[in-house]
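Novice: sharing a sequence plus its predicted fold:
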Amino acid sequence: MTERLFLRLDGDLSHGPETTVPADTLRSFAVGAQLGAHVSQILLYRETFADGAEVAERVLPDGAVRLVIHLGDGTPAGPAAGPQGSVAIGAAVAPVLLRWRRSRMHSISVALRPGAASALLGVPAGELQGMTVALDAVWGPSFHALRERMVEQVDDEARVAFLRLWLEQRLSQSARPANPGAVQAAALLATSAGRMRPRDVAQAVGMGERRLQQIFRAEVGVSPKAWGRLARLHACLRALRSGPAAPPWAALAADGGFYDQAHLANEFRALCGLSPTEFLQRGVSLSSKT
């Protein structure tokens, strides 16, 4: 069974050049102004496999909570998939390994913005940390009605349009507005590539460090330290995209805020489940796709 990579960093229109899922199977849709503060990406996925095939997909962590609404006749091979194979994937600092089986996949993925996910989930993002949970367990009977109406639409454009409208209505009725402190703190850590210390972030957003830890875990789904680790890794991945085919790992480590090359390699293994060399070997040539 072949294992494929999937990576999306903030700002990627659909997926990163490291992704080995066939490019023509993925299509990005506009989020729309009303959802833009809460949703960073809506991605449609369609693919047909050989009969009985099973495909493993390693989704590298981007720190986002992700909703996957499954519309086709394939199903994830796992106990958390739910009756339709639709899941909410919590924020994580480790890769999520999904196994898909049967002949055809047709699904829509919605990536939620850090600190703003709880408004659409209806529960704190922290309750899903590192978990894959059936969407009907999160949204109840309303999810079944949503999926049925999406399946009835004439084409994918209409399905995404209906989903956007449904999410906008859910957002307008939400009793859990986005937490501005969590949103701002996550943005500061991301733009600093993980270099800001949590105490400095807390001071910048006007709260104590302990309070920052509490709201970050609840509203982002991971700790500020973990989010900073992801931000540092993502900065390194962006540098790899624009760098030479044989990366100068020691220089990348120094420029990226890692203690040394061994620290960078350990973070790759911890956050991606792969060494830096394995990551480059499994991915498509970055220079050819960038």
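Specialist: Now that the structure is in, tell me what you want to look at.
Novice: can you give me the helices in the stretch 51-200 of the chain?
Specialist: 117-121, 135-139, 141-152, 156-172, 180-191, 198-204 (DSSP state H, counting those that start in this stretch).
Novice: right, and these - which one's nearest Trp100?
Specialist: Trp100 lies closest, by CB to CB, to one member of the helices of the stretch 51-200 of the chain: helix 135-139, at 16.3 Å. C-beta here means a position set from N, CA and C on the backbone, and glycine is covered the same way.
Novice: in that closest one, what's buried?
Specialist: For helix 135-139, the neighbour count (16 or more other CB atoms under 10 Å) marks 135-136, 138-139 as buried.
Novice: closest to Leu35 among those residues?
Specialist: Distance to Leu35, by CB to CB, is smallest for Trp139 among the buried residues of helix 135-139, at 16.3 Å.
Novice: contacting residues for Ala56?
Specialist: 1-4, 97-100 (CB atoms under 8 Å, 6 or more residues apart in numbering).
Novice: before we move on, which element is Arg211 in?
Specialist: Arg211 belongs to helix 209-219 when assigned by DSSP states H and E.
Novice: if you could redo that for His263, that was the one I meant.
Specialist: For His263, the element it lies in under DSSP H and E is helix 261-272.
Novice: mind checking pLDDT for His144?
Specialist: Confidence at His144, expressed as pLDDT, is 91.
Novice: okay, Gly16: pLDDT?
Specialist: pLDDT, Gly16: 89.
Novice: distance of it relative to Ala145?
Specialist: 34 Å (CB to CB, to the nearest Å).
Novice: quick one, which of those two is more surrounded?
Specialist: Between Gly16 and Ala145, Gly16 has the larger neighbour count (other CB atoms under 10 Å), namely 24 against 12.
Novice: can I assume that one is in contact with Leu9?
Specialist: Yes. If you go by CB atoms under 8 Å, Gly16 and Leu9 touch, sitting 5.8 Å apart.
Novice: spatially central residue for this structure, please.
Specialist: Centroid-nearest residue in the chain: Ala64, 4.0 Å away (criterion: CA atoms, centre = their mean).
Novice: for that one, which non-adjacent residue is spatially closest?
Specialist: Leaving aside its chain neighbours, Ala64 sits nearest to Ala111 (4.4 Å; criterion: CB to CB, 6 or more residues apart in numbering).
Novice: so in terms of bridging, what pairs with the one you found?
Specialist: Note on Ala111: beta-bridge partners by DSSP bridges are Gln41, Arg66.
Novice: and Arg27, that one's in a helix?
Specialist: No. Arg27 is assigned strand when assessed by DSSP: H, G, I helix; E, B strand; the rest coil, not a helix.
Novice: list the residues that contact the closest residue to it other than its chain neighbours.
Specialist: Nearest residue to Arg27 in three dimensions, chain neighbours excluded: Leu44, at 4.5 Å (CB to CB, 6+ apart). Residues near Leu44 by CB under 8 Å, 6+ apart: 26-29, 107-109, 156, 160.
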